[in-house]
Every structure is written in structure tokens, then in C-alpha cells.
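Colleague: Fold the stuff below for me.
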Amino acid sequence: MRDFLTFRLTRSIMYRYMQSYETDRAMLISAYAPNAKFIYRVCESSPTSPDPALSSPALPQSKGHSFPLRTARGHAEISSSLHDLLRTHFSQKLDEDGNQKVDVEFWSEQSGEEIWLYVRSIMTVEDAQESSRSEKWTVDHSFLLRRGANNGTKDQVSGKDDWPVVAHVHQLVMHEQPL
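Modeller: A predicted model of the protein is given here:
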């Protein structure tokens, strides 16, 4: 029974997160604990290349780093980092009934009050110079979620007070090449 409840909770959180990500990223901050960490990385074909044609359309470049990892701590930095991802969107595909749905897989596990949520999605990354051009990237999310109120804010997308669980750690890895 506990696994089913965890599944339902994490599925609900995941879809609410994706909806907020697409409609109003500024409001996503309520999905994070005040002292949360957001760690993100773009795995490009040539991350150290100075050639702007090979640069990531999704994020500013890290110069000279073979393992460019960015860390944001707290609401202000996380909000800024989510804004940096402005050109990324969850990819939609048609299901067998012709309805749009997000291309996503997920797995969750609960241990005490902590829930680990792993999400693999396909995201569309718009070209920075030509918005009509885009690529599909595989994106992995790992969340450490904990129950309890976050910061007393109200999510304006859903109209709900607080999230039932909030992210204390969120790691996002974007793979330029499909996996």
C-alpha cells in the first residue's frame, strides 16, 4: 500500500512540477525548500569547444571545464537558474488516441520521510539564435523530496497552498545526444 501511495504522490508532484515549469517557472520556487540545492549540468558533444556554433542553446557556457557543474543554493539562486533554462521545454508527443502527452519515465522510492524521485524526460531545447530551430535532448532529474511545508507560499498555477513534499536536492543532467 505504501508503494502505491508513494507512486501516486510522486506522479502527482511530477506532473504538477512539469505544468508549472511550462507555464510559470517563477512559481516553481515554492516546490523547493528554502535551503534547497539545485545542481545542473549540460553534457554537450564538445563542452570545452570555443566555437559558438557548438555552444549550448539552453545554458551559458562554462569555459575550460571538462565537467561543467552548476550549483544553486536557496530560492534566489534556484529561481535564477530555472530562468537560465528558459529555452527548454518538456517534449510533447501524441499518444495512441491522438492526445498530447509529455515524454517522461519515472521511478520513486520512499525511505522514512524521504522520497527519491528519478525522472527521465525528453526536452525540446530551442536554438538561441533561431527560435524556430530546436533539438530533442534526454534530461535526467533526481529529486530528494521531504514532507512538510516549504515556505508558506501559495502556488499560483494550481492555486494550492504549498506542495505536499518539497525538493531539498534537485539534480538535472541534460544530455545533448539522445541516450
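Colleague: For the protein, which element, helix or strand, carries the lowest mean pLDDT?
Modeller: Within the chain, no helix or strand scores below strand 92-94, which has a mean of 69 by mean pLDDT, DSSP states H and E.
Colleague: who does whichever helix or strand comes after that strand pair up with?
Modeller: On the C-terminal side of strand 92-94, the nearest following helix or strand under DSSP states H and E is strand 100-102. With DSSP bridges as the test, strand 100-102 is paired with strand 92-94 (antiparallel).
Colleague: Quickly list what Leu117 is bridged to.
Modeller: Leu117 has the following beta-bridge partners by DSSP bridges: Ser108, Phe143.
Colleague: longest helix of the chain?
Modeller: Counting residues, the longest helix found in the chain (DSSP state H) is helix 2-23.
Colleague: tell me which residues in that helix are buried?
Modeller: Of the residues in helix 2-23, those scored as buried under the neighbour-count criterion (16 or more other Cβ atoms under 10 Å) are Thr6, Leu9, Thr10, Ile13, Met14, Arg16, Tyr17, Met18, Ser20, Tyr21. No exception for glycine: its C-beta is placed from N, CA and C like everyone else's.
Colleague: who does whichever helix or strand comes after that helix touch, helix- and strand-wise?
Modeller: Using DSSP H and E, the helix or strand that directly follows helix 2-23 along the chain is strand 32-43. Using 3 or more Cβ pairs under 8 Å, 6 or more residues apart in numbering; DSSP states H and E as the contact criterion, the secondary-structure elements in contact with strand 32-43 are strand 69-73, helix 74-84, strand 165-175.
Colleague: Nearest to Ala36, out of these?
Modeller: The stretch from the helices and strands packed on strand 32-43 with the least distance to Ala36 (Cβ to Cβ) is strand 165-175; that distance is 5.3 Å.
Colleague: Sheet partners, orientation included, of that closest one?
Modeller: Partner strands and pairing direction for strand 165-175 (DSSP bridges) are strand 32-43 (parallel), strand 134-147 (antiparallel).
Colleague: Just put those in TSV and tack on mean pLDDT.
Modeller: Below are these laid out as TSV (pLDDT from 0 to 100):
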stretch	mean pLDDT
strand 32-43	92
strand 134-147	91
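Colleague: Mean neighbour count and distance to Glu126 for these - can I get that in TSV?
Modeller: Output for the strands paired with strand 165-175, formatted as TSV (neighbours: other Cβ atoms under 10 Å; distance: least, Cβ to Cβ, whole Å):
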stretch	mean neighbour count	distance to Glu126
strand 32-43	20	14
strand 134-147	18	5
